[in-house]
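[1] Model the following, please.
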Amino acid sequence: MRSMQVRRRAGRVLVAAALVASMAGVSTLVATPTSAAPVSSPAEVVRETGSWFAHGYTLDLRADGTGMLAAWVGAFDGTRVQVRLIPAPGPATVAEVTAVETVGRGGLAPDEQPGIGGLVTIAVGDEVRTARVEWSSGPRRLAVDLCPTEGLDAEMMAVLRCGA
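    Numbering: from 1, shown residues only. Reported below is the predicted structural model:
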């Protein structure tokens, strides 16, 4: 009989200890602030860096997660589209337009300019690292194909149709 009473007491003590431990864990969870969604670093977002060009268009993607697409009609007239790369699934790089700057008369027609907050898709080829940039302006979907600024000879630039 006495051993049963000892067992019951031991069982009650264990249950009480477990209850105290679980309550302490709950209070710790409640007291711990929840963190916001993790923010990706530029190194996690940037799939490609470098410079590309073709017939008045230039594209620069930097390792800090920013970039610029520019369309130039001359030395002093152009449109600069500043972008911030954002994480997105798939092989293409996706960027958000953060600013559009007109230099002189500009290089893009008003109906060709992407809006601030709009998305730009940049797909870089594997073999030659050509870049295709696509963006929307109102109902229009626009695109330009560019070649890397380094590593091509005149013959390859003629084949890819991106000579200056």
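[2] who's in contact with residue 100?
    79-82, 113-116 (CB atoms under 8 Å, 6 or more residues apart in numbering). In this view, the C-beta of every residue, glycine as well, is placed from N, C-alpha and C.
[3] cutoff 10 Å now
    69, 79-82, 106, 108, 113-116, 118 (CB atoms under 10 Å, 6 or more residues apart in numbering).
[4] And residue 111, how far from residue 84?
    24 Å (CB to CB, to the nearest Å).
[5] Compare those two and say which is more crowded by neighbours.
    residue 84 (15 against 10; other CB atoms under 10 Å).
[6] Surely that one and residue 118 touch.
    No - if you go by CB atoms under 10 Å, residue 84 and residue 118 don't touch, sitting 11.9 Å apart.
[7] Give me the common contacts of those two.
    By CB under 10 Å, 6+ apart, the residues touching both residue 84 and residue 118 are 95-97.
[8] Counting neighbours, which of the residues you listed comes out on top?
    That'd be residue 95 among the shared contacts of residue 84 and residue 118, by other CB under 10 Å, with 28 neighbours.
[9] Tell me the predicted confidence for the closest residue to it other than its chain neighbours.
    Sequence neighbours aside, residue 83 is the residue nearest to residue 95 in space, at 3.7 Å (criterion: CB to CB, 6 or more residues apart in numbering). Looking at residue 83, its pLDDT is 96.
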